[in-house]
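**Student:** Dropping the sequence and predicted coords here.
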Amino acid sequence: SWVGYEGALRDYYSGTISYDEFEALVGKYETLNEDWFDVICRDAFSHNHTLSISGGSANSTYYASLGYGRDNGVLQQEKLDRYTAMLRVNLNLAKFSMMFRISGNVQERRYTPSSVGLMDYAYNTSRAVPAYNEDGSYWFYPKDMGRGFQVYFNVLNERDNSSWKMYTANVSMQTQLGYRFFDGFKADFTFSYSLNNTDDETWFGENTAYAASLRGERAEGGGRDANYMPFGGELRKSHTRNTNYMLRLQLNYTKFLDKENLHMINAALGGEISHTTYKGFEQTHRGYLKDRGMLISTFDEEVYPDFSEWLATTKEARGVLKDELTNKVSGYATLSYSYHDLYVLNANVRFDASNKFGSQANKKILPVWSVSARWNAKEDVIAHWNWVDNLAVRASFGYQGNMLDSETPELIIEKGDWDGLREYYRSSVHKFPNPNLSWEKTASVNSTVDFAFFKNRLSGSFSYFYKKTKNAFLSKQISVVNGVKSY
C-alpha cells in the first residue's frame with residue numbers, strides 16, 4: 001500500500017492531487033513522528049506467587065504447594081495467567097519405599113492473532129504513517145489483505161477487534177514403588193498418567209480489515225468482490241485431548257566382587273509399556289456475532305453463493321476430527337563394571353515394538369545397543385607425574401533409533417465427502433503402506449581424551465566422532481497410478 005511520503009508522491013505523479021496539495025501533505029508528514037513501538041508495546045510487569053507446606057518424619061515426608069503467576073506480554077492487551085498445584089509424598093521403610101506425586105496446572109492466554117503481525121508492523125512501518133486522526137479516532141488507509149484488492153486498515157483496529165485465546169488444563173500423576181529383597185538387589189515399579197486438554201479460540205470481528213476482505217468490500221468505492229462472509233465475524237475453534245500412561249518394572253543389582261571393594265558390577269533389567277491417545281476437533285465458523293449472544297448466523301445460499309461454495313468445499317468449515325493412537329512395548333538391559341575408578345566398562349541394549357512399526361519389522365525386533373569404556377590414566381600408569389592433574393580416555397560405540405510419526409505400516413485411506421455428480425463417496429490415498437517400517441538406525445563412534453595440567457591451569461579435551469545412518473527415511477517420487485505422487 002502507498003502511504004506517507006510515497007503515497008503523496010504517487011498521487012501527485014498520477015495527477016490525483018495538485019502540487020499545492022502535495023506540498024501540504026509533505027509538510028504534514030514532516031511533523032509526524034509516530035513511535036509505533038510506544039503505540040503497540042508496553043513495559044511489561046509480571047509476578048509469581050507460591051504457597052507451600054512441607055513436613056514429615058525420619059521415614060516419611062510430604063510437600064504441597066499452590067501457585068499463581070501473571071505474565072504480561074510486551075504487546076498491549078496480551079497476558080498469561082497460570083495456576084499450579086502439587087502434592088508429593090515420600091515413604092522409606094527398611095525394605096519398602098514409595099513416592100507419590102500429583103500435580104496440575106491451568107493456563108489462560110489472551111493474545112492478538114499472529115496473522116495481525118503487531119511486532120512486525122512496529123518494526124517495519126514508517127514513522128510518517130499516523131495511528132490516529134486529529135480527533136483521536138483511528139486513521140485508516142487502503143491495504144491489500146491477500147485477495148488482490150484493498151480494504152481500509154488500521155493495525156490498532158485489528159488488535160481491538162480480534163483475539164486469540166487458549167485455555168490449557170493438565171493433570172499428571174506418578175507413583176514409584178521400590179522393594180529391596182537383599183543388599184544390592186532391588187525392584188522398582190513406576191506408573192505415570194497424564195491428561196491434557198486444550199481449547200483454542202481465534203476470533204476476527206466484523207469491523208476488522210480481514211472481515212472486510214472476506215466480504216469483498218473494496219476501499220474507496222471500488223465495488224465488491226466475491227463475498228465469503230456476508231456479515232458477522234470469523235471464529236476458529238479447536239479442542240485437543242491428550243492422554244498418556246506408562247508402566248515400568250526394573251530390577252537393579254549392585255555388588256562388589258572382592259573384600260577390598262575394588263571390583264564392582266551394576267546391572268539393570270527392565271520393561272516398559274506406554275499408551276498415548278490424541279483426539280482433536282477444529283472448525284471455522286463465519287457469521288459469528290460475538291456481541292449478540294455469540295450467535296452463528298445462517299445465510300440464504302441463493303443470495304450468497306460464494307459463501308455457500310466456501311461452506312461446501314472447505315473442510316475446516318465442516319469440521320476436522322483427529323484421532324491418533326500409539327502403543328509401545330520396550331525392554332532394556334544395562335551392565336557396567338568398574339575397577340577402583342581406573343577402568344569403567346558399560347553395555348546397554350534396548351528393543352521396542354510399536355503399532356507404528358511394520359508387521360514384518362515387529363517380527364525382527366532389531367535391538368538398539370551401545371558399549372562404552374573409560375580409562376583413568378592419571379590414577380593408573382602416570383600417578384607419579386605431579387604436573388598431570390587429569391588424563392582420561394573415553395570411547396563409545398552404539399546404535400540410536402528414530403521413528404517418524406508421519407510414517408505408517410498400514411494403508412490409510414482418507415474418506416471424502418459425497419460426490420453429487422457421480423453419486424458416490426470420494427476417497428483418496430492419504431498414506432501408502434510400508435510393511436517393512438522399522439527404526440531409522442544411526443551408528444555412532446565417539447572418543448575423547450580429557451586432560452588437565454599444571455594444577456589445572458591448562459585443561460581441555462580432544463574429541464572425535466563419526467556417525468552413519470542406515471534405513472534412513474527418504475521420500476521418493478512414484479507413478480500416480482498408485483494413488484499418491486510420492487512414497
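**Tutor:** Perfect, I can see it now. Numbering: from 1, shown residues only.
**Student:** list the contacts for the residue lying closest to Tyr111 once chain neighbours are set aside?
**Tutor:** With CB to CB, 6 or more residues apart in numbering as the criterion, Tyr111 has its nearest non-adjacent residue at 4.5 Å, and that residue is Trp164. (C-beta placed from N, C-alpha, C; glycine too.) Applying CB atoms under 8 Å, 6 or more residues apart in numbering, we find Trp164 in contact with 109-114, 200-203.
**Student:** which SSE is Trp164 in?
**Tutor:** strand 162-182 (DSSP states H and E).
**Student:** Mind listing what's buried along that strand?
**Tutor:** When burial is assessed from 16 or more other CB atoms under 10 Å, strand 162-182 yields the following buried residues: 162-164, 166, 168, 170, 172-174, 176-178.
**Student:** ok, of those, which one's closest to Ala209?
**Tutor:** Ranked by distance to Ala209 (CB to CB), those are led by Ser162 at 10.1 Å.
**Student:** rewinding a little: pLDDT at the residue nearest to Tyr111, what is it?
**Tutor:** Per-residue confidence (pLDDT) for Trp164: 96.
**Student:** Report the beta-bridge partners for it.
**Tutor:** Residues in a beta bridge with Trp164, per DSSP bridges, are Tyr111, Thr202.
**Student:** What pairs with the helix or strand Tyr253 falls within, parallel or antiparallel?
**Tutor:** Per DSSP H and E, Tyr253 falls inside strand 233-256. Sheet pairing for strand 233-256, assigned by DSSP bridges, gives strand 185-204 (antiparallel), strand 263-289 (antiparallel).
**Student:** gap between that strand and the chain center?
**Tutor:** Put simply, strand 233-256 sits 15 Å off its chain's centre (CA atoms, centre = their mean, to the nearest Å).
**Student:** swap in stretch 130-144?
**Tutor:** The answer for stretch 130-144 is 37 Å, by CA atoms, centre = their mean.
**Student:** quick one on the thing from earlier: between strand 162-182 and the strand holding Tyr253, find me the angle.
**Tutor:** Angle, strand 233-256 to strand 162-182, by axes from the mean of the first three to the mean of the last three CA atoms, to 10 degrees: 20 degrees.
**Student:** Please point out which parts of strand 233-256 sit buried.
**Tutor:** 233-238, 240, 242, 244, 246, 248, 250, 252.
**Student:** okay, it in PDB with CA atoms only?
**Tutor:** What follows is strand 233-256, C-alpha atoms only, in PDB (Å, rounded to 0.1, in the frame of the first residue of the first chain):
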ATOM      1  CA  GLY A 233     -17.000 -12.200  12.100                       C
ATOM      2  CA  GLU A 234     -15.000 -15.400  11.900                       C
ATOM      3  CA  LEU A 235     -14.400 -17.800  14.800                       C
ATOM      4  CA  ARG A 236     -11.900 -20.600  14.700                       C
ATOM      5  CA  LYS A 237     -12.200 -23.200  17.400                       C
ATOM      6  CA  SER A 238     -10.200 -26.200  18.200                       C
ATOM      7  CA  HIS A 239     -10.100 -28.700  21.100                       C
ATOM      8  CA  THR A 240      -7.500 -31.400  21.800                       C
ATOM      9  CA  ARG A 241      -7.300 -34.100  24.400                       C
ATOM     10  CA  ASN A 242      -4.100 -36.000  25.000                       C
ATOM     11  CA  THR A 243      -3.800 -38.900  27.500                       C
ATOM     12  CA  ASN A 244      -0.800 -40.900  28.300                       C
ATOM     13  CA  TYR A 245       0.100 -43.700  30.700                       C
ATOM     14  CA  MET A 246       3.300 -45.600  31.300                       C
ATOM     15  CA  LEU A 247       4.100 -48.800  33.300                       C
ATOM     16  CA  ARG A 248       7.800 -49.700  34.000                       C
ATOM     17  CA  LEU A 249       9.300 -52.500  36.000                       C
ATOM     18  CA  GLN A 250      13.000 -52.500  36.700                       C
ATOM     19  CA  LEU A 251      15.300 -54.900  38.600                       C
ATOM     20  CA  ASN A 252      18.600 -53.400  39.900                       C
ATOM     21  CA  TYR A 253      21.600 -55.400  41.100                       C
ATOM     22  CA  THR A 254      24.800 -53.900  42.600                       C
ATOM     23  CA  LYS A 255      27.700 -55.900  44.100                       C
ATOM     24  CA  PHE A 256      31.400 -55.700  45.000                       C
END
